[in-house]
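Novice: how would this look folded up:
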Amino acid sequence: MKYLVRGGSKPKGDIAVNGDKSITHRGLILGSLAEGDTVLAGYSRGRDCASTIGLLQKLGVRIREADGALTVAGRGRFGFKEPDDVLDCGNSGTTMRLFAGLLAGQDFFSVLTGDGSLRKRPMDRVIEPLYRMGAEIRARGRGRCAPLGIAGQKLKGITYEMPVASAQVKSAVLLAGLHARDNTIVVEPVATRDHTERMLAHFGANIRRISDRAVRVTGDNRMTGKKLIVPGDISSAAFFAVLGAVAPGAEVSVKGVGVNPTRIGILDALRAMGADINLSGNRIADPEPVADLTIKNRPLRAVELGGSMIPRIIDELPALAVAASQAAGTTVIRDARELRVKETDRIMAITAGLKKMGAIINETNDGLIIEGPVRLKGATCTSFDDHRIAMALTIAGLIAEGDTVIDGADCIAISFPEFADTVTALAGPGALSRIGE
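Specialist: A predicted model of the protein is given here:
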């Protein structure tokens, strides 16, 4: 499927975005490990979270949908059944890495696989700490890539100092730690998103943050099912925050967005660029903070981003590159080499797309250099089958001169199947058309 995007958008109005993908994954998994029912309202309906639901069902977990909410019938920590087929994670790296940790301590054999893109992504970073805990995992590509064959073992707690900041690896080790004897401690080089820690505590697990960068979980835990209200996904809201910041005369409000401090790097970056962003109605939807965002257009200036900021903004960097193309000066993004091993090489992909539209953007080994402001022009671009690239280029197309075609836009359903309808609600019925459905 392709998107035809009409340039010159003047977006105004209130919208809501899809439920947070990261929180939905974790709510489903921890709900399955708890005793009793867990209810997730406002959950993400993207394909990635559907992959997690499918895997849990193959492990014997009952999940039903009613009145816009999912109910997960928890089976306890050792209540899963051995699957009779391979477990297909689709395109979801979160699903594969978290389930590697979840299944490493189970008393059966399982195989995790995924689509062609996922089977190329590095899994050794999660295999290595699990191996140290006593896990038996075999992988192709010299132990780096899926499929992963996992023979469940009795695990032991370890102290693991992560060489690369990764919330997925941290979460996998903590999930394995729930099935290990003694304590498991994870030490991060830089703090990453803490949804797993918050949710473990919310479900009643014995977890404690012992320093700014270290967290400890014990293996002797009983968790109880909970009701969770999943907030709007800040990574999805980021595209509309950028649109509101750069489209002339724009004023965009996004209601009920998760504003976990470990996830709002995009707001901090846009504010550093001079964006007019207001948070209101701050509240807690246990266990996550939530607010309403209002973004108004005004001139932006270039920034330099790197170091500890990057893990807080890694998923939003394609959207931020669009904002940088409209900011006065030279924006430099460094220390973001992780972007090269996402669903595609996102440094290459966003550079290729924005260059076609006339942006002055160049790759570095670990980031981007972007000159602005530049008047973008409509072009035909490819998504490289990456949902965040497709959405970033759609936003660029809305502010460009003329029409833009995004080839491979169907990948957006991985995280945000409501994206096109949300764009239309904000920018008007002529702003975006689907081609080739």
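
Novice: quick one: contacts for Val17?
Specialist: Taking C-beta atoms under 8 Å, 6 or more residues apart in numbering as the criterion, Val17 is in contact with Gly232, Asp233, Ser236, Ala237, Phe240, Val254, Val257, Phe416, Glu418, Thr422. For the C-beta atoms, the positions are set from N, CA and C on the backbone; glycine is no exception.

Novice: change it to 6 Å
Specialist: Gly232, Asp233, Ser236, Ala237 (C-beta atoms under 6 Å, 6 or more residues apart in numbering).

Novice: go on, Arg77?
Specialist: By C-beta under 6 Å, 6+ apart, the neighbours of Arg77 are Leu33.

Novice: tell me the SS of it?
Specialist: Classification of Arg77 using DSSP: H, G, I helix; E, B strand; the rest coil returns coil.

Novice: quick one: it from Val126, how far?
Specialist: 20 Å (C-beta to C-beta, to the nearest Å).

Novice: likewise Ala431?
Specialist: 40 Å.

Novice: quick one, which of those two is more surrounded?
Specialist: Between Ala431 and Val126, counted using other C-beta atoms under 10 Å, the more crowded position is Val126 (27 against 22).

Novice: would that one count as being in a strand?
Specialist: No. Assessed by three-state DSSP, Val126 does not belong to a strand; its assignment is helix.

Novice: I'd say it and Arg97 touch.
Specialist: Yes. Using C-beta atoms under 6 Å, Val126 makes contact with Arg97 at a distance of 4.8 Å.

Novice: mind listing the shared neighbours of the two?
Specialist: By C-beta under 6 Å, 6+ apart, the residues touching both Val126 and Arg97 are Ala172.

Novice: where do the strands sit along the stretch 251-400 of the chain?
Specialist: 251-258, 276-285, 288-296, 300-301, 304-305, 327-333, 360-364, 367-372, 380-382 (DSSP state E, counting those that start in this stretch).

Novice: for the ones you listed, give me CSV that also has mean neighbour count.
Specialist: Below are these laid out as CSV (neighbours: other C-beta atoms under 10 Å):
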stretch, mean neighbour count
strand 251-258, 21
strand 276-285, 12
strand 288-296, 21
strand 300-301, 19
strand 304-305, 20
strand 327-333, 19
strand 360-364, 16
strand 367-372, 22
strand 380-382, 21
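
Novice: dump those strands to TSV, plus distance to Ile63.
Specialist: Listed next are the strands of the stretch 251-400 of the chain as TSV, based on distance: least, C-beta to C-beta, whole Å:
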stretch	distance to Ile63
strand 251-258	22
strand 276-285	21
strand 288-296	21
strand 300-301	43
strand 304-305	39
strand 327-333	39
strand 360-364	42
strand 367-372	40
strand 380-382	35
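
Novice: of all those strands, which one is nearest Leu398?
Specialist: Comparison of the strands of the stretch 251-400 of the chain against Leu398 by C-beta to C-beta identifies strand 251-258 as nearest, at 11.4 Å.

Novice: could you pull out the helices for the stretch 151-300 of the chain?
Specialist: 167-177, 195-203, 234-246, 265-272 (DSSP state H, counting those that start in this stretch).

Novice: output the contacting helices and strands for the first one.
Specialist: It stands for helix 167-177. helix 93-103, helix 124-132, strand 183-187 (3 or more C-beta pairs under 6 Å, 6 or more residues apart in numbering; DSSP states H and E).

Novice: what of the second one?
Specialist: With contacts defined as 3+ C-beta pairs under 6 Å, 6+ apart, the secondary structure elements packing on helix 195-203 are helix 21-33, strand 207-211.

Novice: measure how buried the residue nearest to Met357 when sequence neighbours are not counted is and give me the count.
Specialist: Counting by C-beta to C-beta, 6 or more residues apart in numbering, the nearest residue to Met357 once its immediate chain neighbours are dropped is Leu376, at 4.4 Å. Using other C-beta under 10 Å, Leu376 is surrounded by 24 other residues.

Novice: cool, and the one 10 residues further on?
Specialist: When neighbours are counted by other C-beta under 10 Å, Asp386 registers 25.

Novice: so it sits against Asp345, correct?
Specialist: No. Asp386 lies out of contact with Asp345 (C-beta under 6 Å); the separation is 9.0 Å.

Novice: in stretch 35-44, what counts as buried?
Specialist: With burial defined by 16 or more other C-beta atoms under 10 Å, the residues of stretch 35-44 counted as buried are Glu35, Asp37, Thr38, Val39, Leu40, Gly42, Tyr43, Ser44.

Novice: I appreciate the help and will end here.
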